[in-house]
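In: need a structure here:
(one chain, ligands or ions: 3)
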Amino acid sequence: MDNPLEAQIQELRQRGIKATVARRAVLEVLLEGPSHQSADDIATKVSSRYPEIHLSTVYRTLETLERIGAVDHVHLGHGRAVYHLGDDPHQHLVCDRCGSVIEVPNEIFLTLNKTLSDKYGFKLRQNHFAVLGRCSSCQSVSS
Ligand SMILES: [Zn+2]
Ligand SMILES: [Zn+2]
Ligand SMILES: [Zn+2]
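Out: Ligands and ions are numbered 1, 2, ... in the order given. Here you go, the predicted model:
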């Protein structure tokens with residue numbers, strides 16, 4: 001499908017969820033980007049565009065969309081949660097100096113996942129938190 005918003009709407013219908021105005025609006029904002037936005041950012045954008053949609057509806061909508069896997073949230077840095085679309089699985093590396101986010105494929109964590117599972121019976125949910133570190137341009141800077 002050419003229109004990414006319509007593709008997302010189609011996906012909702014396939015999961016048996018009605019494409020309400022609020023759900024469309026939230027998906028629209030996420031598709032437009034940036035690819036990671038906080039619930040507050042999303043709510044502000046949605047309600048400025050669709051004044052009839054209450055902020056509380058936007059938060060509830062995010063929960064619904066998350067439950068069916070259409071969106072997902074991740075905590076970058078100190079617990080700040082941001083939302084992204086669920087159809088493009090990826091993991092997050094965050095620079096703790098400049099805050100830049102690098103998206104990496106899930107496979108990067110395969111070995112770590114397997115080791116934790118084999119040795120400790122622990123199932124890693126690496127998608128819930130970002131991995132913190134220093135990006136390449138910040139490594140040369142002191143502080
Ligand atoms: Zn993401
Ligand atoms: Zn950096
Ligand atoms: Zn969380």
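
In: first vs last residue of stretch 24-42, how far apart are they?
Out: Terminal residues of stretch 24-42 are spaced 12 Å apart (C-alpha to C-alpha, to the nearest Å).

In: what residues are up against the most centrally placed residue in the chain?
Out: Nearest to the geometric centre of the chain sits residue 84, at 2.4 Å (C-alpha atoms, centre = their mean). Residues counted as contacts of residue 84 (C-beta atoms under 8 Å, 6 or more residues apart in numbering) are 30, 35, 36, 37, 71, 72, 73, 74. C-beta: built from backbone N, CA, C; applies to glycine.

In: at 6 Å instead, please
Out: Residues counted as contacts of residue 84 (C-beta atoms under 6 Å, 6 or more residues apart in numbering) are 35, 36.

In: what does residue 19 give?
Out: By C-beta under 6 Å, 6+ apart, residue 19 lies in contact with 9, 12.

In: using the three-state scheme, assign it.
Out: The three-state label for residue 19, taken from DSSP: H, G, I helix; E, B strand; the rest coil, comes out as coil.
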